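In: Okay, predicted coordinates and the sequence, questions at the end:
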Amino acid sequence: MFKKLFGKKEEVKSVDIFAPLSGAAVSLETVPDPVFAEKMMGDGIAIEPTEGVVVSPVKGEVLQVFPTKHAIGLKAENGAEILIHIGLETVSMNGEGFEAHVSEGSKVEVGDQLVTFDMNLVKEKAKSTITPVIITNSDQVSLEKQLASSVQRASNVVMTVTMK
């Protein structure tokens, strides 16, 4: 009763992480890069995209847009920190073919456009288009993954993250 009187918000413990891209959701262990496959940055999934559009997988805030626009960091309502790393070895492209649609501090909803990229250019200049979606503070969460052969951005839940 007092929470209602004084406007204290209920703490969000679990959030669904929606697919940030359309494509095939695959196990992180299959990513051809040991930093991701061996979960050095955290646990998660990867998506082999079918189009060059990345949307917010959660309601939250943009923590970081890398200067090269190949990766973006988000913080979900429950405190889960999410890294979306578009392609492998894309940092060497120095932002070529990438366009960011948000900036640090932006508030986002599920489905808000974050980054668009030229799939053909990434295929040509980078190691792979496969995009890891990592919970970088995975030591503080329990993670339930839902892999599917085909996911649609902002429509399919790929992970449920619960803060410990």
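Out: Nice, thanks for sending it over. Just so you know, these numbers come straight off a predicted model, no measurement behind them. Numbering: from 1, shown residues only.

In: What segments of the protein are helices?
Out: Per DSSP state H, the chain carries helices over the ranges 2-6, 34-37, 119-125.

In: To what extent is Leu88 buried, counted in neighbours?
Out: By other CB atoms under 10 Å, 21 other residues sit near Leu88. Every residue, glycine included, has its C-beta placed from N, CA and C.

In: go on, the one 10 residues further on?
Out: The burial count assigned to Phe98 is 24, neighbours taken as other CB under 10 Å.

In: One more: Met119?
Out: 17.

In: which residues touch it?
Out: Contacts were defined as CB atoms under 8 Å, 6 or more residues apart in numbering; by that measure Met119 touches Pro49, Glu51, Gly52, Thr129.

In: distance of it from Ala100?
Out: From Met119 across to Ala100, the span is 16 Å (CB to CB, to the nearest Å).

In: Show me the residue at the heart of this structure, geometrically.
Out: Centroid-nearest residue in the chain: Ile84, 3.6 Å away (criterion: CA atoms, centre = their mean).

In: Which pLDDT value belongs to it?
Out: Looking at Ile84, its pLDDT reads 98.

In: That one and His70 touch, don't they?
Out: No: under the criterion of CB atoms under 8 Å, Ile84 is not in contact with His70, lying 9.6 Å apart.

In: re earlier: among the helices of the chain, which gets the worst mean confidence?
Out: Here the lowest mean pLDDT among the helices of the chain goes to helix 2-6, at a mean of 52.

In: Please enumerate the strands of the chain.
Out: With DSSP state E, the ranges of strands along the chain come out as 14-18, 23-27, 43-49, 53-55, 60-65, 71-76, 81-85, 98-100, 107-108, 113-117, 131-135, 141-145, 157-163.
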